[in-house]
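Novice: Need coordinates for the following:
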Amino acid sequence: MLPVKNFTDFIDQNSLFDGQSKILAAVSGGMDSVIMVHLLKSAGYNFGIAHCNFQLRGDESTGDEQFCRQLAQQLDVPFHTTSFDTLTFASDNKVSTQMAARTLRYQWFEKVREQAGYSVIALAHHQNDAIETILLNLTRGTGIAGLHGILPKNGPLVRPLLFLGRDGIHQLIQSLQIPYREDSSNSSTKYARNKIRLEVMPKLKELNPALERTFENNLQHFRELEILLNLRVAELQQKVVVIYGGESHIFLKDIIDLEPKRLLLFNLLQPYGFNETSIDDLISALGKHSGRVFESENFRLILDRERLILTKKGTGQQREVLINIHDREINYGRYKLNILHDDSPLIVKNNPMAVSIDAGLLIYPLTLRPWQQGDSFVPLGMKGRKKVSDFFVGEKVPLHQKEQVPLLINGNGDIAWLGGYRLADNYKVTKDTKKVVIFELVLI
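Specialist: As a prediction, this is how the structure comes out:
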């Protein structure tokens, strides 16, 4: 007899769906998905069957599709099917066949769900799948998130069969004489998951015959620990992460005494693509190597004197922009440069984002660009030249902000102004100045 009450209890306890839901059941034809749809039918749920033909096993694949079509007819439910050229997709996208099949089926399931108005997609993963996933993650290396196994619910994906183990499913199939399809690839140990299922799990069950029950308890503990960790990280983020103009700043004084520092920093920075090696290097550099830069695919983490500065890559990395004599407004990265010509020797005071320059000294076109190694100028009030890089060090300008500083370059190649920081002394307004050009930077 089918364990319908256990099935519906598990669904209710995990809030997977309810009696009003329309469920899209992913069915391969194997015994797991076949048991799942028989349980859905016996419990009275409204569902349809979706089957993918990956065209990987010739006549076997065709037979699986025919079986699933007949199963849908037998159960009197809607049937959805599609075929994929999986090997071509894998080759074109340079991924494994398994990864290609996974990507293709989940994309198609979601498409069918949206187009046909299904509430959720039911997948037939069971307890042993969850155990195998944990063992795979442990073998490859994982954080605590990799220990919770397969979750009963993840967005529109639900797994109502996680209350059953493989042996229990097999016993039901045998006792109720329910037809199903056997996938010949399941017996191949060339796939890592099959190797764990066929070789590792039997050895573990020799040590603990009640392995599934033990892991069920372990999974519960791991999930609860993950919830605690996520709460702690969310609390930490609220406490130590400060947003400044689109950047995230974390003051070193707030993290120096964190415990466990490695675990908390990893979970705080992992969403930005930083791995454990980066976190180890960061911890080693704390208090020693100001200016050290750590990079993930899309983000940059700068270890400044008193803080960590997290910024998205590409921020402030500008190309050259030409300024002609008739231009009155120029966009440059996150800035707008306003340009005003004045027929008087007016000097702008008390505004670091604006400057007056002797109009008679300017040679057009001017250029606005980021600083480059080797740049130098004569800062206002000084006699000798100074490297821009040394000026930035003296002003304690962080690396990522150096890249965002607009340099106003005269037509003769001179640096006339470090936007927002310092005018060049040889471009200042003097008693001989007749006209000025006022440049003002405004954040946009």
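Novice: Quick test: name the residue nearest the centre of this protein.
Specialist: P271 (5.7 Å; Cα atoms, centre = their mean).
Novice: Next one: it from V388, what distance?
Specialist: As judged by Cβ to Cβ, to the nearest Å, P271 and V388 stand 35 Å apart. Heads up, the C-betas are built off the backbone N, CA and C, glycines and all.
Novice: ditto for K22
Specialist: 64 Å.
Novice: Could you do D358 as well?
Specialist: 21 Å.
Novice: who has more neighbours, those two?
Specialist: Each of D358 and V388 had its neighbours counted (other Cβ atoms under 10 Å), and the higher figure belongs to V388 (23 against 19).
Novice: The more buried one touches R369, doesn't it?
Specialist: No: V388 lies out of contact with R369 (Cβ atoms under 8 Å); the separation is 11.7 Å.
Novice: Spell out which residues are contacts of both of those two.
Specialist: L407 (Cβ atoms under 8 Å, 6 or more residues apart in numbering).
Novice: After the lowest-mean-pLDDT helix or strand in the chain, heading C-terminal, what element do we hit next?
Specialist: Lowest on mean pLDDT, DSSP states H and E among the helices and strands of the chain sits helix 399-402, with a mean of 72. Going down the chain from helix 399-402, the next helix or strand is strand 407-409, by DSSP states H and E.
Novice: export the helix or strand following that next one as PDB, just CAs?
Specialist: Heading C-terminal from strand 407-409, the first helix or strand you meet, by DSSP H and E, is strand 415-418. The C-alpha coordinates for strand 415-418 follow below in PDB (Å, rounded to 0.1, in the frame of the first residue of the first chain):
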ATOM      1  CA  ILE A 415      48.100  68.300 -15.800                       C
ATOM      2  CA  ALA A 416      46.100  71.500 -14.900                       C
ATOM      3  CA  TRP A 417      43.900  70.000 -12.200                       C
ATOM      4  CA  LEU A 418      43.500  66.900 -10.100                       C
END
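Novice: Please name the strands paired to the next helix or strand after strand 415-418 in the sheet, noting orientation.
Specialist: Using DSSP H and E, the helix or strand that follows strand 415-418 in sequence is strand 422-423. Paired strands of strand 422-423, with direction, are strand 415-418 (antiparallel) (DSSP bridges).
Novice: Over to F17: give its phi and psi.
Specialist: With angles defined as degrees, to the nearest 10, F17 sits at phi -170, psi 180.
Novice: Surely it is in contact with S119?
Specialist: Yes: counting by Cβ under 8 Å, F17 does reach S119; the two are 6.0 Å apart.
Novice: Overlap in contacts, those two.
Specialist: Once Cβ under 8 Å, 6+ apart is applied, the residues that F17 and S119 both contact turn out to be I23.
Novice: Quick one: name whatever helix or strand follows the host helix or strand of E132.
Specialist: Using DSSP H and E, E132 sits in helix 127-140. Next helix or strand after helix 127-140 toward the C-terminus (DSSP H and E): strand 153-154.
Novice: what helices or strands is that next one leaning on?
Specialist: Packing partners of strand 153-154 (3 or more Cβ pairs under 8 Å, 6 or more residues apart in numbering; DSSP states H and E): none among the helices and strands.
Novice: Could you pull up the mean pLDDT of that strand?
Specialist: On average, the pLDDT along strand 153-154 is 93.
Novice: who does the helix or strand following that strand pair up with?
Specialist: In the C-terminal direction, the helix or strand that comes right after strand 153-154 (DSSP H and E) is strand 157-158. Counting by DSSP bridges, the strands paired with strand 157-158 are strand 120-122 (parallel), strand 153-154 (antiparallel).
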